[in-house]
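>>> Structure, please.
(2 chains)
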There are 2 protein chains.
Amino acid sequence: MYVGIDVGGTNLKAGLVDETGRILAVERTPLDFQGPEAFAATLAELSQAVMAAGGAAPSQVEYVGVGLPGAVSGGDVVYTTNIPMENVPLEALFRHTLDLPLLLGNDADCAAVGEYFQGAGRGLRDFVVLTLGTGLGAGIILDGRLRGGESSSEAGHMVLHAGGEPCPCGRRGCWEQYASATALIRRTEAAMAAHPESALCRLAEEAGGVDGRTPFLAAEAGDETALAVCRAYVEELAEGTASLINILRPEAVAFGGGVAGAPEHLLLEPLRRRVGALCFSRHGGRATRILRAELGNDAGVIGAALLGRVI
Amino acid sequence: MYVGIDVGGTNLKAGLVDETGRILAVERTPLDFQGPEAFAATLAELSQAVMAAGGAAPSQVEYVGVGLPGAVSGGDVVYTTNIPMENVPLEALFRHTLDLPLLLGNDADCAAVGEYFQGAGRGLRDFVVLTLGTGLGAGIILDGRLRGGESSSEAGHMVLHAGGEPCPCGRRGCWEQYASATALIRRTEAAMAAHPESALCRLAEEAGGVDGRTPFLAAEAGDETALAVCRAYVEELAEGTASLINILRPEAVAFGGGVAGAPEHLLLEPLRRRVGALCFSRHGGRATRILRAELGNDAGVIGAALLGRVI
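This is a model prediction of the structure:
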């Protein structure tokens, strides 16, 4: 058995997970960062709690896997984006409290691992998960091995519009600036400002604000402004996805994150059409399938727990 | 031992290659395409000739590897770009004449395999070779395994300038349209038209035309027009290289093809600086090295011969 911990923006969620990726028990604790030592101890205590909840002794657990937003290298955190950690030997600190191996992964990578074993990627060998959220997270599994740790992909920072929108990474025109949920919201707000009479505006006002579902809800209701926003977003998503597919030629790309829950005919169907038209594979060879991620919020815990199977 | 055959634009070059990647004998024959059956027989006869030249019996040779411009899948050619072949069961045809396994690879992939074992990639596990020629060829080896066959990379068809220059692949703005030798020549000719008084123009006229070395030669001589061409080209090369590095996070990227032979201070040095400034790794984690390919024209033969070691 394994313990998988998903370090989110406000909570830590731990699962006791069996060899097949099934979650046997879950425990949560708020994220209250008081320095690396205390954080490592919290991870260890949460691991102990979920083992107890699932009736597993530490000797029955092979390791604890942790998914973090940031970069890792072996058992060390290089940096995290939601917590002030930099070059922290997290495994060493963790073992002060609980003497089990600690495997670390980027959160987008863990989502990909979860989907690979238990979700959209079951039975595949070459598989990519793109998580459409605040950023555009990419998890890449090739030939059954995760591009993790120091090889962890930052595919959102592939430039699609050279010289375009500035990106916090320091470049201009990164794909993430056009295809993340944040970018979709920005595009939606710009369309609302240009079309204050639109149903999109009414709907956003009723909902008390804009999130990644707003333009799809308004487009479902037939609003032309929202439809144009959705189409433009699909185009940006398709261009980058086709580039990534041309580079990696995977069997499938699955989309996760809140935006990926949009109605099929507004997101995945037109995306499939556009990616199919843009990809090099239409000249011959294997075509990559476009899928929806299946596990939702469980992907991170399952993926963290199964990290040891792909690294 | 292995036989490796490099199918070029006008010639087939075969090498008898030992386990370490050393070439023991070489034979050449003109490419005179008379249909798939005759082509397969030519490959077999050339293999027999190079085995004889190297004093090896067919029983001492494990397989024949062939590098082709185009796409392959197992022992089948999906299509080739310089020869009219489409969906040809080349291994089956080859075995009519010589009963050895036939391994097929894309030419850019074979160049990467050659460099991986005997050139710039020695000792690495994650390695990319970009060949700057008519197109922009990419060969990708990750964790010691080639992204070959149906997974063969078409990284030149990553879009860098969305909506930009049309590409024969059907997209607009592909990196290849800005960073291949062809693109460099196009850029050079445009600069010459705008600056007929430049030393670049004089030099091109003396040489009887423009090739991928012309702007570097003129820049070496201090011509400002040529220097601007070289700088703009390096910028396009750097943007795409940084994107590819952000996606794959390899240990090294090596550049091959005629253009890569340009003086270090005009190509690789500024390229290293720009890629270093653009890559995500400057936020932490492993930095990717930028190298020059080492094997020149032998890479294709050696790589074809060693295909079986990485697939």
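>>> Every contact and neighbour count from this point should use C-alpha atoms.
Will do.
>>> can you give me the strands in chain A?
Per DSSP state E, chain A carries strands over the ranges A:2-7, A:11-17, A:23-30, A:64-68, A:70-73, A:76-80, A:86-88, A:102-106, A:127-132, A:136-142, A:145-146, A:252-256, A:289-292.
>>> Reformat the ones you listed as CSV; add distance to chain B and mean neighbour count.
Shown next, in CSV, are these (distance: least, CA to the nearest CA, whole Å; neighbours: other CA atoms under 10 Å in any protein chain shown):
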stretch, distance to chain B, mean neighbour count
strand A:2-7, 20, 29
strand A:11-17, 24, 26
strand A:23-30, 27, 17
strand A:64-68, 15, 28
strand A:70-73, 7, 25
strand A:76-80, 6, 21
strand A:86-88, 9, 17
strand A:102-106, 13, 28
strand A:127-132, 11, 28
strand A:136-142, 9, 26
strand A:145-146, 9, 22
strand A:252-256, 12, 24
strand A:289-292, 14, 19
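>>> could you redo those strands as JSON lines and give each row distance to residue B:145 and mean pLDDT?
Converted to JSON lines, those look like this (distance: least, CA to CA, whole Å; pLDDT from 0 to 100):
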{"stretch": "strand A:2-7", "distance to residue B:145": "29", "mean pLDDT": "98"}
{"stretch": "strand A:11-17", "distance to residue B:145": "31", "mean pLDDT": "97"}
{"stretch": "strand A:23-30", "distance to residue B:145": "33", "mean pLDDT": "98"}
{"stretch": "strand A:64-68", "distance to residue B:145": "26", "mean pLDDT": "98"}
{"stretch": "strand A:70-73", "distance to residue B:145": "22", "mean pLDDT": "94"}
{"stretch": "strand A:76-80", "distance to residue B:145": "27", "mean pLDDT": "95"}
{"stretch": "strand A:86-88", "distance to residue B:145": "30", "mean pLDDT": "95"}
{"stretch": "strand A:102-106", "distance to residue B:145": "22", "mean pLDDT": "98"}
{"stretch": "strand A:127-132", "distance to residue B:145": "16", "mean pLDDT": "98"}
{"stretch": "strand A:136-142", "distance to residue B:145": "10", "mean pLDDT": "97"}
{"stretch": "strand A:145-146", "distance to residue B:145": "11", "mean pLDDT": "98"}
{"stretch": "strand A:252-256", "distance to residue B:145": "19", "mean pLDDT": "98"}
{"stretch": "strand A:289-292", "distance to residue B:145": "23", "mean pLDDT": "98"}
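>>> how about those in a markdown table, adding distance to residue B:247?
What follows is those, written out as a markdown table (distance: least, CA to CA, whole Å):
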| stretch | distance to residue B:247 |
| --- | --- |
| strand A:2-7 | 23 |
| strand A:11-17 | 28 |
| strand A:23-30 | 31 |
| strand A:64-68 | 19 |
| strand A:70-73 | 14 |
| strand A:76-80 | 18 |
| strand A:86-88 | 22 |
| strand A:102-106 | 14 |
| strand A:127-132 | 11 |
| strand A:136-142 | 9 |
| strand A:145-146 | 13 |
| strand A:252-256 | 14 |
| strand A:289-292 | 19 |
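>>> Next, count neighbours for residue A:160.
Using other CA atoms under 10 Å in any protein chain shown, the number of residues around residue A:160 comes to 30.
>>> same thing with the one 4 residues further on?
A count of neighbours around residue A:164, defined by other CA under 10 Å, yields 17.
>>> Okay, whichever residue of the stretch 1-150 of chain A sits closest to chain B and residue B:246: tell me how far apart.
Nearest residue of the stretch 1-150 of chain A to chain B, counting by CA to the nearest CA: residue A:150, 5.9 Å away. Separation of residue A:150 from residue B:246 (CA to CA, to the nearest Å): 11 Å.
>>> Comparing the two, which residue is more hemmed in?
The residue with more neighbours, out of residue A:150 and residue B:246, is residue B:246; 24 against 20, by other CA under 10 Å.
>>> wait, what's in contact with the closest residue to residue A:252 other than its chain neighbours?
Leaving aside its chain neighbours, residue A:252 sits nearest to residue A:289 (4.4 Å; criterion: CA to CA, 6 or more residues apart in numbering or on different chains). By CA atoms under 8 Å, 6 or more residues apart in numbering or on different chains, residue A:289 lies in contact with A:251-253, A:272.
>>> again, but for residue A:25
Residues near residue A:25 by CA under 8 Å, 6+ apart: A:15-17, A:50-51, A:53-54.
>>> quick one: contacts for residue A:267?
For residue A:267, the contact set (CA under 8 Å, 6+ apart) comprises A:230, A:234, A:260.
>>> any idea how far it lies from residue A:186?
The value you get for residue A:267 to residue A:186, if CA to CA is used, is 17 Å.
>>> and if you look at residue A:277?
For residue A:277, the distance to residue A:186 - CA to CA - is 27 Å.
>>> distance between stretch A:104-123 and the chain's centre?
9 Å (CA atoms, centre = their mean, to the nearest Å).
>>> What are the buried residues along that stretch?
Within stretch A:104-123, the residues that count as buried by 16 or more other CA atoms under 10 Å in any protein chain shown are A:104-121.
>>> Kindly report the same for stretch A:303-311.
For stretch A:303-311, by 16+ other CA under 10 Å, it's A:303-308, A:310.
>>> Likewise for stretch A:274-290?
By neighbour count on 16+ other CA under 10 Å, the buried set for stretch A:274-290 is A:274-276, A:278-281, A:284-288, A:290.
>>> Return the distance of that stretch from the chain's centre.
Using CA atoms, centre = their mean, the offset of stretch A:274-290 from its chain centre is 23 Å.
>>> end-to-end on that stretch?
Note: stretch A:274-290 ends 11 Å apart using CA to CA.
>>> On the pLDDT front, check the residue lying farthest from the centre of chain A for me.
Relative to the centre of chain A, the most outlying C-alpha is that of residue A:197, 34.9 Å out, by CA atoms, centre = their mean. Residue A:197 carries a pLDDT value of 96.
>>> For it, give its distance to chain B.
31 Å (CA to the nearest CA, to the nearest Å).
>>> got it, and residue A:220?
According to CA to the nearest CA, residue A:220 and chain B sit 28 Å apart.
>>> Give me the pLDDT for that residue.
The model reports residue A:220 with a pLDDT of 96.
>>> Name the residues of the stretch 101-250 of chain A found near chain B, please.
Applying CA under 8 Å from any CA of the partner chain, we find that the stretch 101-250 of chain A lies next to chain B at A:147, A:150-162, A:169-171, A:239-240, A:242-244, A:246-250.
>>> Of the strands of chain A, which is nearest residue B:26?
Nearest to residue B:26, of all the strands of chain A, is strand A:136-142, at 35.4 Å by CA to CA.
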